[in-house]
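Asks: Can you look at this prediction? I've put the sequence above it.
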Amino acid sequence: MMNGKDILSLSVRGIADAVQKRELSASDVLEAYIASVEATDGEVNAYITKTYDLAAAQARRADERIAAGELPALAGVPFAVKDNFAAEGVPMTCASEILRGFVPPYSAAAYERSVNAGGVLLGKTNLDEFAMGSSCEKSVYGPTRNPLDHTKSPGGSSGGSAAAVALPSAAWALASDTGGSARQPAAFCGVCAMKPTYGAVSRYGLTEFASSLDTVCPITRDVTDSAYVLEILAGRDRRDMTTLDLAGTKYTEGIDGGVRGLKIALVNGYEAFADAAVVRCVQRTAEILRKLGAEIVTVDVPWLGEAVEIYLTVSAAEASSNLARYDGIRYGNKEDGVHITNIMKNSRSGGFGDEVKRRILTGTYALTSVLTGDYYRRIKAAQAEVCRRIYDLFGKIDIMLMPTAGGTAFDLGSFNEDPTAMYGSDRFTVIGNLTGCPAISLPAGGDGKLPVGVMLMGDRLSEKMLYRAAFAAEAELKEFVKEETGNV
């Protein structure tokens, strides 16, 4: 009989296999994970809402299905969900005062697929309010702390999900990524995050931030688990007309096929925006991939900084539109007022935090009639040009290699005096969202204490190739990660 520590060490697939073979019950697994949550969450604050009663019922159901001869892919696997996804009957707050107490009568498609596959929901995780931030500090429930150093940020906005997987107080977690919101916290916490091709996973039931950029992502402890979970999440959903017909795609199939013959490009000039430890880890990863048979080249991507500016305007404009519904009348908590204008003003002023207000105002100005719409049209034209350049580039190379973030996890409160300075932490990640291309972040070493993430990005629908390359690199990087991050 496995003890709790042994259970926590199992991969997602390892848990499912053990439950399917009845070596463990789903209830045994749940008990071990609940103990981990209770032992760690008081200091880390990864969870907003814990759903132990629901989890117990789902675990019993998983055991019943196994007894009846079914073999659900996520049988008894405890997972966490970022609190901007709906789960019927479970509060959804988006870490905002304006949604405090809201209980959705529907479920997100990605959550439904996870539960239908036998998954067990431990709870909803903390985030920057409405997923707007890169530190997981902009939450009405307080900041999440990096599980490796409680004085540091876990990254954001999916900091709660990444921290829960790193602890581990969840075997995997559902997250969203609008400009790096899953990949950057994965890098800071020493875990793996895949941002799939836009449309690969349904966004139904995910609270909109910037609809053309939002992507549903799995955060896992390793590359194989990521591929395994994405097989369950991906596919068409009639409730989201942007979804692609990917049902049955086996991302784990051929994952050990290696990188021989692939052309992998290092981005020229990234060193100017990266710490020494990050540069070392990226160069090491490139050398490992070269030794494994890939051709390593360099490419110029001089518009990385320009891409951040495009992203900030596009995302803010879409946010100002998407969040207009939270006015105390149609949606959100209602504040008192003499007439409807006062009610809306008071509800939004008291319900939204400073960062959300900042982005709504920015986006509203970008769309205002004062600018006659021309500014936003030019920004969208610039985005289209970035897409064209990236798609052309992937006609010449297979994979682009760069840092996930320019440094390791920063101190909590680092950007209190200048919150807009934090936007630069998305420098390397926003390209994937602007173009809809997939990108995976995996641990590649560290600075002696904290982990460094590297990112592999490919053309649209190249996830299987990215998983092959990430799997090959991960196997060679594991010892470096242990040596340079205090055995993460």
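Replies: Everything's here; your move.

Asks: Now do the same contact list for residue 223.
Replies: By CB atoms under 8 Å, 6 or more residues apart in numbering, the contact set of residue 223 is 192, 255, 440, 442, 467, 470-471, 474. Every C-beta, even on glycine, is put in place using the N, C-alpha and C of the backbone.

Asks: how near is it to residue 34?
Replies: From residue 223 across to residue 34, the span is 27 Å (CB to CB, to the nearest Å).

Asks: hmm, back to that, save the contacts of residue 223 as JSON lines, and put in neighbour count too.
Replies: Putting those into JSON lines (neighbours: other CB atoms under 10 Å) gives the following:
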{"residue": "192", "neighbour count": "28"}
{"residue": "255", "neighbour count": "20"}
{"residue": "440", "neighbour count": "31"}
{"residue": "442", "neighbour count": "29"}
{"residue": "467", "neighbour count": "28"}
{"residue": "470", "neighbour count": "29"}
{"residue": "471", "neighbour count": "23"}
{"residue": "474", "neighbour count": "20"}
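
Asks: Same list (those) but as TSV, adding secondary structure.
Replies: Shown next, in TSV, are these (DSSP: H, G, I helix; E, B strand; the rest coil):
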residue	secondary structure
192	strand
255	coil
440	strand
442	strand
467	helix
470	helix
471	helix
474	helix
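
Asks: And residue 253, which helix or strand is it part of?
Replies: Under DSSP states H and E, no helix or strand contains residue 253.

Asks: How many residues are close by it?
Replies: The burial count assigned to residue 253 is 12, neighbours taken as other CB atoms under 10 Å.

Asks: Leaving out sequence neighbours, find the closest residue to it.
Replies: residue 464 (7.6 Å; CB to CB, 6 or more residues apart in numbering).

Asks: from what I can see the one you found touches residue 252, true?
Replies: No: Residue 464 lies out of contact with residue 252 (CB atoms under 8 Å); the separation is 9.2 Å.

Asks: And the strands in the stretch 201-350 of the chain?
Replies: Using DSSP state E, counting those that start in this stretch, the strands found in the stretch 201-350 of the chain span residues 215-220, 263-267, 295-299.

Asks: Which other helices and strands does the second one contact?
Replies: For strand 263-267, the contact count by 3 or more CB pairs under 8 Å, 6 or more residues apart in numbering; DSSP states H and E identifies helix 276-291, strand 295-299, strand 399-403 as packing neighbours.

Asks: Return the distance of the helix or strand containing residue 363 from the chain's centre.
Replies: For residue 363, the element it lies in under DSSP H and E is helix 354-367. Mean-position distance between helix 354-367 and its chain equals 23 Å (CA atoms, centre = their mean, to the nearest Å).

Asks: got it, and stretch 347-355?
Replies: 24 Å.

Asks: same thing with stretch 405-420?
Replies: So, by CA atoms, centre = their mean, the centroid of stretch 405-420 is 18 Å from its chain's centroid.

Asks: Can you list the buried residues in that stretch?
Replies: By 16 or more other CB atoms under 10 Å, the buried positions in stretch 405-420 come out as 405-410, 412, 415, 419.

Asks: could I get these as JSON lines with secondary structure?
Replies: Output for those, formatted as JSON lines (three-state DSSP):
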{"residue": "405", "secondary structure": "coil"}
{"residue": "406", "secondary structure": "coil"}
{"residue": "407", "secondary structure": "coil"}
{"residue": "408", "secondary structure": "coil"}
{"residue": "409", "secondary structure": "coil"}
{"residue": "410", "secondary structure": "coil"}
{"residue": "412", "secondary structure": "coil"}
{"residue": "415", "secondary structure": "coil"}
{"residue": "419", "secondary structure": "helix"}
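
Asks: Taking those residues together, which two end up most distant?
Replies: Pairwise distances across these peak at 20.1 Å for 408 and 419 (criterion: CB to CB).

Asks: quick one on the thing from earlier: quick one: which of the contacts of residue 223 is nearest to residue 13?
Replies: Taking CB to CB as the measure, residue 13 lies nearest residue 255 of the contacts of residue 223, at 11.6 Å.

Asks: Return the residues in contact with residue 383.
Replies: Residue 383 neighbours (CB under 8 Å, 6+ apart): 310, 314, 434.

Asks: From start to finish, how long is stretch 320-331 in a straight line?
Replies: 15 Å (CA to CA, to the nearest Å).

Asks: next one: stretch 64-80
Replies: End to end - CA to CA - stretch 64-80 spans 22 Å.

Asks: Show me the shaky parts of the stretch 51-200 of the chain.
Replies: For the stretch 51-200 of the chain, applying pLDDT under 70 flags no range at all.

Asks: quick one: low-confidence parts of the stretch 301-450 of the chain?
Replies: Low-confidence segments of the stretch 301-450 of the chain, defined by pLDDT under 70: 369-373.

Asks: which residues of it fall in helices?
Replies: Ranges of helices within the stretch 301-450 of the chain are 304-322, 340-351, 354-367, 374-393, 430-435, based on DSSP state H, counting those that start in this stretch.

Asks: Can you give me the buried ones in the fourth one?
Replies: Right, the one you point to is helix 374-393. By neighbour count on 16+ other CB under 10 Å, the buried set for helix 374-393 is 375-376, 379, 382-383, 386, 389-390.

Asks: if we take those, which one ends up nearest to residue 168?
Replies: Residue 168 lies nearest to residue 390 out of those, by CB to CB, at 34.5 Å.

Asks: From residue 460, how far off is the closest one?
Replies: Distance from residue 390 to residue 460, by CB to CB: 10 Å.

Asks: what do the two both touch?
Replies: Listed as contacting both residue 390 and residue 460 by CB under 8 Å, 6+ apart are 435, 437.

Asks: what's the spacing between whatever helix or strand residue 14 lives in and its chain's center?
Replies: Under the criterion of DSSP H and E, residue 14 resides in helix 12-20. Centroid separation for helix 12-20 versus its chain: 23 Å, with CA atoms, centre = their mean.

Asks: and the closest residue in space to residue 187 that isn't next to it in sequence, what element?
Replies: In space, residue 187 comes closest to residue 453 once its chain neighbours are excluded; the distance is 2.5 Å by CB to CB, 6+ apart. Assignment of secondary structure by DSSP H and E places residue 453 within strand 451-458.

Asks: Quick check, central residue of the protein?
Replies: Residue closest to the average C-alpha location in the chain (CA atoms, centre = their mean): residue 182, at 2.2 Å.

Asks: tell me the contacts of that one?
Replies: Contacts of residue 182 (CB under 8 Å, 6+ apart): 158, 161-162, 175-176, 193, 195, 217, 219.

Asks: Most neighbours among the residues you listed, please name it.
Replies: These, ranked by neighbours (other CB under 10 Å): first place residue 161, 39 neighbours.
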